[in-house]
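Student: Provide a 3D model corresponding to the input given below.
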Amino acid sequence: MSGFSPAFERLGAAYAAVAAQQQEVLAEFLPAADWNTDLATGTYTQGDVVLHVALIGSFAEDDRSWLWGWANPQFGAEHPAVLNPRAMGSRFGVPEMTTPELDLSWYEGPARNGGDLVAMVATSLLGLTGMIPGRYDGGVAYFAVRDPAVPTAAWDSVTAPRLITSGLSLFPADHRLTVMRFLGHHRLPYRQTETSITAKLPDGGSCVAEFDEQDRLANLSMTLPGR
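Tutor: Model (predicted):
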């Protein structure tokens, strides 16, 4: 049973596969090296890569709680290197984004912790190019990447089924929304019926998502040219 609000769950479902793909792009972009961050300048350094970032929030391991960066007294809502999604949260009626601290002790899902999901939804909603978790003694700090140097994920017919499935494992509330938002994000035209969604792919192939009586994804197939 999820402890997130229905509004947050819907946002998560909408962005789950999109975020999963972008996180893979970001992981490939960053070198395997030590990292450090300087929030005075809003920069994150990993190896020879330096990115502009903003603090999203932090997850405390002792009580498994989330604290938004804008609510952290060390920084505050007006700090230039702090991400503040409160206005968007208020606009969409998402209480998690307007509440300073969240109890995530209930979360037992596939992500590392509930903080992963909060950070993922916040960065996706604001159209940023991913989030970076940084461990510290007692928890995890999350940084939103707001740097054009990080490439934006492109459509890939080979990895799309895995990414959609991965997204559904994180936010299973609305399978149809997850599929539609992923296709829409990549500007792929699609049509839907009561039992399926069919999209035209850039390479001339097609993607067909079939849903069961509970509107949950039952099958996802790709038809590629020449196959």
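Student: show me which helix runs longest in this structure.
Tutor: helix 6-29 (DSSP state H).
Student: show me what that one packs onto, helices and strands only.
Tutor: Other helices and strands packing on helix 6-29, by 3 or more Cβ pairs under 8 Å, 6 or more residues apart in numbering; DSSP states H and E, are helix 114-125, helix 160-170, helix 175-185. Yep, even glycine has a C-beta here, placed from its N, CA and C like the rest.
Student: what about stretch 160-177, average pLDDT?
Tutor: Regarding stretch 160-177, the rounded mean pLDDT is 95.
Student: buried stuff in it?
Tutor: 160-161, 163-164, 166-168, 170-177 (16 or more other Cβ atoms under 10 Å).
Student: ok, back up a step: pLDDT on the longest helix of the chain, on average?
Tutor: Averaging pLDDT along helix 6-29 yields 96.
Student: ditto for stretch 33-51
Tutor: 94.
Student: can I get it as PDB, trimmed to CA atoms?
Tutor: Extracted C-alpha coordinates of stretch 33-51, given in PDB (Å, rounded to 0.1, in the frame of the first residue of the first chain):
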ATOM      1  CA  ALA A  33      35.200   8.600 -10.400                       C
ATOM      2  CA  ASP A  34      35.000  10.300  -7.000                       C
ATOM      3  CA  TRP A  35      32.600  13.200  -6.700                       C
ATOM      4  CA  ASN A  36      32.100  16.400  -4.700                       C
ATOM      5  CA  THR A  37      29.600  19.200  -4.800                       C
ATOM      6  CA  ASP A  38      29.800  22.900  -4.000                       C
ATOM      7  CA  LEU A  39      26.300  24.400  -3.300                       C
ATOM      8  CA  ALA A  40      27.800  27.800  -2.900                       C
ATOM      9  CA  THR A  41      28.400  27.800  -6.700                       C
ATOM     10  CA  GLY A  42      25.800  25.100  -7.500                       C
ATOM     11  CA  THR A  43      28.300  22.800  -9.100                       C
ATOM     12  CA  TYR A  44      28.800  19.000  -9.000                       C
ATOM     13  CA  THR A  45      32.100  17.500 -10.000                       C
ATOM     14  CA  GLN A  46      32.700  13.900 -10.900                       C
ATOM     15  CA  GLY A  47      36.100  13.100 -12.400                       C
ATOM     16  CA  ASP A  48      36.600  15.700 -15.100                       C
ATOM     17  CA  VAL A  49      32.900  16.500 -15.600                       C
ATOM     18  CA  VAL A  50      31.500  19.600 -13.900                       C
ATOM     19  CA  LEU A  51      27.700  20.100 -13.900                       C
END
